[in-house]
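In: predicted model and sequence follow; I will ask about them next.
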Amino acid sequence: MANIKSAKKRIRQNEKRRLRNKSYKSFLKTITKKYLKEKDPEKKKELLKKVYSAYDKAVSKGILHKNTVARKKSKLTGLLGG
């Protein structure tokens, strides 16, 4: 356990961020699975827009790296047709 006040604060901050990131990553997985299970092409396109938006938001918040998101978005777009 840390003795220095700033180190204790850093531990508290890291824990808050870890939980927030974990929650958002879980949300991303859920919305992605909804997209993958959808059969109707029109609904699938609408869901893809929401998924893209959610992933872009994750990048701006620093939850995921931009290249990770680019890879995932590319893969999902490829699955749109099939």
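Out: In hand now; what should we look at? Because the structure is predicted, anything quoted here is derived from the model rather than measured. Numbers count the residues shown, from 1 in each chain.
In: would you confirm that L76 contacts V51?
Out: Yes: between L76 and V51 there is a contact under Cβ atoms under 8 Å: 6.3 Å. Quick note: C-beta positions are derived from backbone N, CA and C, even for glycine.
In: quickly list what's touching both of these two.
Out: Contact criterion Cβ atoms under 8 Å, 6 or more residues apart in numbering; residues shared by L76 and V51: 32, 35.
In: name the SS class of A2, please.
Out: Assigned by DSSP: H, G, I helix; E, B strand; the rest coil, the conformation of A2 is coil.
In: need the strands for the chain, in chain order.
Out: For the chain, no strands are identified by DSSP state E.
In: helices of that one, start to end?
Out: 5-37, 41-61, 66-81 (DSSP state H).
In: not counting the last one itself, show me its contacts.
Out: In this structure, residues lying in contact with helix 66-81 by Cβ under 8 Å, 6+ apart are 32, 35-36, 44-45, 48, 51-52, 55-56, 58-59.
In: just flag the most distant two among those residues.
Out: By the measure Cβ to Cβ, K44 and V59 form the most distant pair in the contacts of helix 66-81, at 22.6 Å.
In: what about the two, which has more around it?
Out: Set K44 next to V59 and count neighbours by other Cβ atoms under 10 Å: K44 wins out with 18 against 15.
In: now that one: closest residue in space that isn't a chain neighbour?
Out: Excluding the flanking residues, the one nearest K44 by Cβ to Cβ, 6 or more residues apart in numbering is E38, at 4.6 Å.
In: and K25, by the same measure?
Out: Distances taken as Cβ to Cβ, 6+ apart place I63 nearest to K25, at 6.6 Å, with adjacent residues excluded.
In: then K50?
Out: I31 (6.4 Å).
In: and that neighbour, what does it touch?
Out: If you count contacts by Cβ under 8 Å, 6+ apart, I31 has them with 47, 50-51, 54.
In: kindly report the same for Y52.
Out: Here Y52 is in contact with K73 (Cβ under 8 Å, 6+ apart).
In: distance check, it against Y35.
Out: Y52 sits 10 Å away from Y35, going by Cβ to Cβ, to the nearest Å.
In: what's the answer for Y55, then?
Out: Going from Y55 to Y35 by Cβ to Cβ gives 11 Å.
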